[in-house]
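Engineer: Predicted coordinates and the sequence they were generated for:
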Amino acid sequence: MQKIGFIGFGLIGGSLAKIWRKKHPEYVFVAYNYKLTEDDELLLAKEDGILNEIVKDLREFSDADLILLSAPVMSNIAYLKQLKTIVKQECIITDVGSVKGNIAEEAVKQGLTAKFIGGHPMAGSEKTGYTNASVSLFENAYYILTPFEDTEKDKLDILRSLVEEAKAVPIVIDALKHDSITAAISHVPHVAASSLVGAVAGADDKNGLLAMLAAGGFRDITRIASSSPAMWRDVCISNKKSISEFLDKYIEELEAVKNWIALENEDKLYEFFDSNKDYRDSLPLRKSNMAVSHEILLYVPDEPGSIAIMASILAAKGISIKNMGIAHNREYSEGVLRIEFYDNKSKESALIAIKERNYKIFD
């Protein structure tokens, strides 16, 4: 492996490039700029030393050992067709899209099944772009790989190794099975979150009372509605069959709950919340960077000066703070201060400093 080409260089592509650059400083990283003008984020990546070159002609990828497609889903399919006559025989082409069936069909159509291995890192953020890229984005996250029957073992092993360098967990499954799974656990939840936001926005009055009173529960369940509209438009179109099938199941569930509420069916409502709570509580506590936050919660008097005192304690120890504020939540009977750090090392140092002052840590 000597040269990696990037088509699309946002959060996912940028994060992988940062990781692989640290692991392989000798590699040549080239990014494709499809725009008519200069791309500020690509220029920043070059200034950072992550990219070696920025090109405007896909033929510059003719000697690439690996090409990463991290543009929107529909664009990746179009690029696959363009790359067919450009790439060398040994090249590995992979993508990071959350839909695998359509691009797998295109790979079959273009005769690229020996070169193309679908990929889907199940990690991310509502934040987008290279400026938000992080070397820890994929830690402990599943990274789905969808090879074909004629995929060479050596190529799959190379890609698996690169995934593991990102501290992700590679899982190999069939492309269509992947799409069915992600419709249930990712795509429909995004549709549901955006639909709920739309319903609340439509019900809000001119004074924005609903928006003003929207608390933690609403914000938590709708956080993913802040993701890229273009990306999710493409996801819905490219995985329409699996999404539609699971939406039918979800709508059926909502209709049943609506009916139980109308009938004041206490037993059914209790069973509904109880069984779903049990399933939710049984989910494995596997955390990807999407959910990981290096934070501490501690009890403090909910009064002026609490934040300033804690900031002074940590500053005296030379500990950098990413974010800090009072957590106003009915779950806590007292004032709780939430402090977020940039890394776990800072968090551990802060824990020592805080315990020295006899503050009570919220577990």
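Structural biologist: Great, that's in hand.

Engineer: need the contact list for the most centrally placed residue in the chain.
Structural biologist: In the chain, the C-alpha nearest the mean C-alpha coordinate belongs to residue 124, at 1.4 Å (C-alpha atoms, centre = their mean). Residues near residue 124 by C-beta atoms under 8 Å, 6 or more residues apart in numbering: 11-12, 137, 227, 290. Every C-beta, even on glycine, is put in place using the N, C-alpha and C of the backbone.

Engineer: Which one (most neighbours) among those?
Structural biologist: Counting neighbours by other C-beta atoms under 10 Å, residue 137 leads the contacts of residue 124 with 26 neighbours.

Engineer: What about it? Give its phi and psi, please.
Structural biologist: Main-chain dihedrals, residue 137, degrees, to the nearest 10: phi -60, psi -40.

Engineer: can you redo the contacts of residue 124 as CSV with pLDDT and secondary structure?
Structural biologist: Output for those, formatted as CSV (pLDDT from 0 to 100; DSSP: H, G, I helix; E, B strand; the rest coil):
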residue, pLDDT, secondary structure
11, 92, helix
12, 93, helix
137, 90, coil
227, 81, coil
290, 43, coil
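
Engineer: Tell me the predicted confidence for the residue nearest to the centre of the chain.
Structural biologist: With respect to pLDDT, residue 124 scores 72.

Engineer: Could you do residue 101 as well?
Structural biologist: Confidence score, pLDDT, at residue 101: 93.

Engineer: Let me know how buried it is, in neighbour terms.
Structural biologist: Neighbours of residue 101 (other C-beta under 10 Å): 20.

Engineer: and if you look at residue 191?
Structural biologist: Residues near residue 191, counting by other C-beta under 10 Å, number 18.

Engineer: can you check residue 150 too?
Structural biologist: For residue 150, the count of nearby residues is 7 (other C-beta under 10 Å).

Engineer: So it is in contact with residue 114, correct?
Structural biologist: Yes: counting by C-beta atoms under 8 Å, residue 114 is a contact partner of residue 150 at 5.5 Å.

Engineer: can you give me the strands for this protein?
Structural biologist: Listed in chain order, the strands of the chain (DSSP state E) span 3-7, 28-32, 53-55, 66-69, 92-95, 116-121, 142-146, 169-172, 295-299, 323-327, 336-340.

Engineer: Residue 278: which of these is closest?
Structural biologist: Of all those, strand 142-146 sits nearest to residue 278, with 23.1 Å by C-beta to C-beta.

Engineer: packing partners for the closest one?
Structural biologist: Other helices and strands packing on strand 142-146, by 3 or more C-beta pairs under 8 Å, 6 or more residues apart in numbering; DSSP states H and E, are strand 116-121, helix 153-165, strand 169-172, helix 175-182.

Engineer: And the contacts of stretch 41-49?
Structural biologist: Applying C-beta under 8 Å, 6+ apart, the contact partners of stretch 41-49 are 9-10, 14, 17, 21, 31, 33, 51-54, 129-131.

Engineer: Pull out the buried positions in that stretch.
Structural biologist: 41-42, 45-46 (16 or more other C-beta atoms under 10 Å).

Engineer: now for those residues, which pair is the farthest apart?
Structural biologist: Longest span within those, C-beta to C-beta: 41 and 46, 9.9 Å.
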